[in-house]
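Visitor: Give me coordinates for this.
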Amino acid sequence: MERDPKLITTEDGSHSLFVPDLKETYHSFHGALQESRHVFIEKGLSDYNEKFNTISIQVLEIGLGTGLNALLTAEWAQVNQVAVEMISIEAYPIPSDMVTKLNYPALLGKDHADEWFQSIHGTPWETRSEIHPLFHLRKVNSKLESYPLPSQQFQVIFFDAFAPNKQAELWELDILGKIYNSQATNSYFVTYCAKGQLKRDLKSLGYEVETLEGSPGKKEMVRAVKY
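Guide: This is a model prediction of the structure:
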């Protein structure tokens, strides 16, 4: 499938991309930055760290996309002084000329944010790279379906694939089971999606499923816990 993403500005002033072939955006049009912060950072990393009080976290991200989640993770790791190792799987990397147009570093207003963002996109694929001393990233250019995941490794899953009606193959029970098996005991799975079928599938795998308040403009999101 050919993808030619178009730059858009969401309601909180942060950029996202629109994919005409899918008729889908990478983030909520209500606000890319606020959605990523709420779903993946606040309800994912922050709540996980508060509950389990760890000095290091291994994250698996499904969908590097624009790199926003990775950038916010780099920021979170520095602020909280928690070491984060992230593997991010992306089958369709965005064009390099698009990266320079995205306004996330400016919106963060943090020292080194632009440097981190350029490193996130500029580091080699399939290589563990230091974005800063507390955040290491390995980008994987592959489809999740064909990528072998390690067993019982990850503490937090960022499931940021396109919606089930746009990318149904990534929401199938066998794929969710593959992710479940890659997670350590006492781990989180967080996603912006709150479809009933997703919650039923997650429960059938053994997760304890929570329906949480969604990001601004969205009613609900899901967090599933593997104990």
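Visitor: Run through who's touching the longest helix belonging to the chain.
Guide: Looking across the chain with DSSP state H, the single longest helix is helix 68-80. Applying Cβ atoms under 8 Å, 6 or more residues apart in numbering, the contact partners of helix 68-80 are 14, 27, 32-33, 36-37, 40-41, 45-46, 49, 59, 61, 64, 82-84, 86, 88, 102, 104-105, 108, 110, 113, 116-117, 120, 131-132, 134-135, 137, 158, 160. C-beta here means a position set from N, CA and C on the backbone, and glycine is covered the same way.
Visitor: Out of the residues you listed, which end up buried?
Guide: 14, 27, 32-33, 36-37, 40-41, 45, 49, 59, 61, 64, 82, 84, 86, 88, 102, 104-105, 108, 113, 116-117, 120, 131, 134-135, 137, 158, 160 (16 or more other Cβ atoms under 10 Å).
Visitor: pLDDT (mean, whole number) over the following helix or strand past the longest helix of the chain?
Guide: Proceeding C-terminally, helix 68-80 gives way to strand 83-89 as the next helix or strand, assigned by DSSP states H and E. Across strand 83-89, the average pLDDT comes to 98.
Visitor: what helix or strand is the nearest residue to residue 96 once chain neighbours are set aside on?
Guide: By the measure of Cβ to Cβ, 6 or more residues apart in numbering, the closest residue to residue 96 outside its immediate chain neighbours is residue 121, 7.0 Å from it. If you go by DSSP H and E, residue 121 is part of helix 113-122.
Visitor: ok, residue 65 - contacts?
Guide: Residue 65 sits next to 17, 26, 90, 94, 160 when contact means Cβ under 8 Å, 6+ apart.
Visitor: can you tell me which of those residues lies nearest to residue 223?
Guide: Here the nearest of the contacts of residue 65 to residue 223, counting by Cβ to Cβ, is residue 160; it sits at 13.6 Å.
Visitor: nearest residue to the closest one other than its sequence neighbours?
Guide: Nearest non-adjacent residue to residue 160, counting by Cβ to Cβ, 6+ apart: residue 63, 4.1 Å away.
Visitor: just to revisit the earlier point, which of the buried ones among the contacts of helix 68-80 fall in strands?
Guide: Assignment to strands by DSSP state E places the following of the buried ones among the contacts of helix 68-80 there: 59, 61, 84, 86, 88, 131, 135, 137, 158.
Visitor: Any chance of those residues in JSON lines with distance to residue 182 as columns?
Guide: JSON lines is the format used below for these (distance: Cβ to Cβ, whole Å):
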{"residue": "59", "distance to residue 182": "11"}
{"residue": "61", "distance to residue 182": "12"}
{"residue": "84", "distance to residue 182": "17"}
{"residue": "86", "distance to residue 182": "13"}
{"residue": "88", "distance to residue 182": "14"}
{"residue": "131", "distance to residue 182": "22"}
{"residue": "135", "distance to residue 182": "20"}
{"residue": "137", "distance to residue 182": "17"}
{"residue": "158", "distance to residue 182": "13"}
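Visitor: Among the residues you listed, which pair sits farthest apart?
Guide: 131 and 158 (15.6 Å).
Visitor: From residue 179, how far off is the spatially most central residue of the chain?
Guide: The geometric centre of the chain, computed from its C-alpha atoms, lies nearest to residue 158 (Cα atoms, centre = their mean), at 3.9 Å. Distance of residue 158 to residue 179, given as Cβ to Cβ, to the nearest Å: 11 Å.
Visitor: Same check on residue 159?
Guide: 7 Å.
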